[in-house]
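>>> Predicted model and sequence follow; I will ask about them next.
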Amino acid sequence: MTYNALIFMSYAHPEVLVSTDWVWEHRNDSKTRIIEVDYDPTGNYELGHVPRSGLIDWKKDINDQLKRDILSRDDATALLRRFGIDNDTIIVFYGDFNNWFAAFAFWAFSYYGTKNMKLMNGGRKKWLEEDKEVTKEVPKFSEGNFTASAPDESIRIYLNEVKSALGSSVLVDVRSPKEFSGEILAPPEYPTEHAQRGGHIPGAANIPWGQALNEDATFKSAEELKNIYGSKGITADKDVITYCRIGERSSHTWFVLKYLLGYPTVRNYDASWTEWGNMLRNPIEK
């Protein structure tokens with residue numbers, strides 16, 4: 001067994017991760033669908049993508065266009081059917097920004113009960129660094145028969161619930177240290193996506209999302225991950241809440257804690273700091 005295989009097997013749920021080699025070998029399988037999830041498709045998918053992979057535009061496809069929320073159950077059904085996906089299809093997400101938005105898609109479709117989902121370890125970055133084949137060809141699929149389930153509220157948390165959980169749950173703020181301290185309101189890449197006040201939710205531990213990754217954007221071993229989160233008091237016996245600014249980085253950490261480490265109770269506060277930092281009379285710390 002190779003070193004990489006040993007790392008995979010160390011995770012609580014190794015079946016949710018696949019390697020770039022696995023994707024290459026299974027890209028044409030009739031019951032496997034590869035989906036790239038991008039914040040900016042013009043700078044990524046349209047320049048070249050994994051052969052036979054479809055595209056999900058994070059802003060247009062997974063977010064409601066009229067209210068601040070993720071896509072509806074009906075829209076989730078229609079979106080996955082568009083890619084020829086059935087309920088027994090294996091879905092592999094990968095994307096830009098070290099799989100931020102791919103992890104968000106994994107979380108959003110988990111919310112609607114989707115099974116057989118995986119992330120490509122290392123995402124778009126690793127695929128390109130390995131000089132694997134890319135194409136500009138957009139595949140066509142016959143419509144699938146996928147049907148989304150009722151929402152699973154056990155993996156999502158909302159503003160009033162977060163307020164009620166202060167002091168009893170542990171919060172993981174996965175943003176950068178400068179965002180956590182209030183020195184900046186948003187990363188340089190997103191200068192217009194910020195809140196009125198800087199800082200963090202009282203009592204939150206700052207564990208930036210990137211600490212879970214190696215240089216090639218693959219996930220660190222289970223032992224390394226346990227040390228990273230455990231050293232800040234984020235352990236499996238706790239009720240854990242993850243948050244960032246708009247919910248995509250916190251989805252990445254949610255995935256690490258729930259699937260790679262097997263924590264039983266992990267909820268993503270997807271409204272995150274752009275809600276908390278804009279609400280009147282919400283307590284903050286700097």
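Looks like it came in fine.
>>> CA atoms for contacts and neighbours, from now on please.
Noted.
>>> Could you look up the SS state of the residue most central in space within the chain?
In the chain, the residue lying closest to the centroid (C-alpha atoms, centre = their mean) is Ala103, at 2.0 Å. Three-state assignment for Ala103 (DSSP: H, G, I helix; E, B strand; the rest coil): helix.
>>> now it, nearest residue through space, not along the chain?
Excluding its sequence neighbours, the residue lying closest to Ala103 (C-alpha to C-alpha, 6 or more residues apart in numbering) is His252, at 5.1 Å.
>>> repeat for Tyr11
Leaving out its chain neighbours, the residue that sits closest to Tyr11 by C-alpha to C-alpha, 6+ apart is Leu260, at 4.7 Å.
>>> now that neighbour: how far from Trp254?
Separation of Leu260 from Trp254 (C-alpha to C-alpha, to the nearest Å) stands at 10 Å.
>>> neighbour-wise, which of those two wins?
Between Leu260 and Trp254, counted using other C-alpha atoms under 10 Å, Trp254 has the larger neighbour count: 29 against 26.
>>> so after the host helix or strand of the more buried one, what's the next helix or strand?
Applying DSSP states H and E as the criterion places Trp254 in helix 248-255. Sequence order places strand 266-268 as the next helix or strand after helix 248-255, per DSSP H and E.
>>> chain center to that next one, what's the gap?
Taking C-alpha atoms, centre = their mean, to the nearest Å, one finds strand 266-268 lying 11 Å from the centre of the chain it belongs to.
>>> Contacts for the helix or strand just after it next, please.
Next in sequence after strand 266-268, counting helices and strands by DSSP H and E, comes helix 272-276. Outside helix 272-276, the residues that touch it by C-alpha atoms under 8 Å, 6 or more residues apart in numbering are 159, 193-195, 200-201, 243-247, 282.
>>> Out of the residues you listed, which is nearest to Ala12?
Among the contacts of helix 272-276, Tyr243 lies closest to Ala12 (C-alpha to C-alpha), at 22.1 Å.
>>> Correct me if wrong: that closest one contacts Val266.
No. With contact defined as C-alpha atoms under 8 Å, Tyr243 and Val266 do not form a contacting pair (10.9 Å).
>>> More neighbours: which of the two?
Neighbour totals were compared for Tyr243 and Val266, and Tyr243 leads with 29 against 26 (other C-alpha under 10 Å).
>>> Can you give the domain ranges for the chain?
3-151, 154-276 (automatic domain parsing).
>>> tell me the average confidence for the first one?
Along domain 3-151, the predicted local confidence has a mean pLDDT of 96.
>>> before we move on, what about the last one?
Domain 154-276 shows a mean pLDDT of 95.
>>> Distance from the chain centre to it, please.
That offset, for domain 154-276, works out to 11 Å (C-alpha atoms, centre = their mean).
>>> first to last residue in that domain, what's the distance?
End-to-end distance (C-alpha to C-alpha), domain 154-276: 20 Å.
>>> And stretch 211-227, by the same measure?
Stretch 211-227 has an end-to-end distance of 11 Å (C-alpha to C-alpha).
>>> which residues sit against that stretch?
Stretch 211-227 is contacted from outside by 7-8, 10-11, 98, 121-123, 125-126, 228, 235, 253, 256, 260-261, using C-alpha under 8 Å, 6+ apart.
>>> Equivalent analysis for stretch 174-181, please.
With C-alpha under 8 Å, 6+ apart, stretch 174-181 has contacts from 173, 184-187, 198-200, 206-209, 242-245, 249-250, 253, 285-286.
>>> Show me the residues you listed that map onto helices.
249-250, 253 (DSSP state H).
>>> Please enumerate the strands of the stretch 1-150 of the chain.
Taking DSSP state E, counting those that start in this stretch, the strands of the stretch 1-150 of the chain run over residues 17-18, 32-38, 53-57, 90-95, 117-120.
>>> Need those in a markdown table (columns: mean neighbour count).
Converted to a markdown table, these look like this (neighbours: other C-alpha atoms under 10 Å):
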| stretch | mean neighbour count |
| --- | --- |
| strand 17-18 | 19 |
| strand 32-38 | 25 |
| strand 53-57 | 21 |
| strand 90-95 | 26 |
| strand 117-120 | 23 |
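>>> May I see those strands organised as CSV, with distance to Thr135 added?
Listed next are those as CSV, based on distance: least, C-alpha to C-alpha, whole Å:
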stretch, distance to Thr135
strand 17-18, 21
strand 32-38, 13
strand 53-57, 9
strand 90-95, 15
strand 117-120, 18
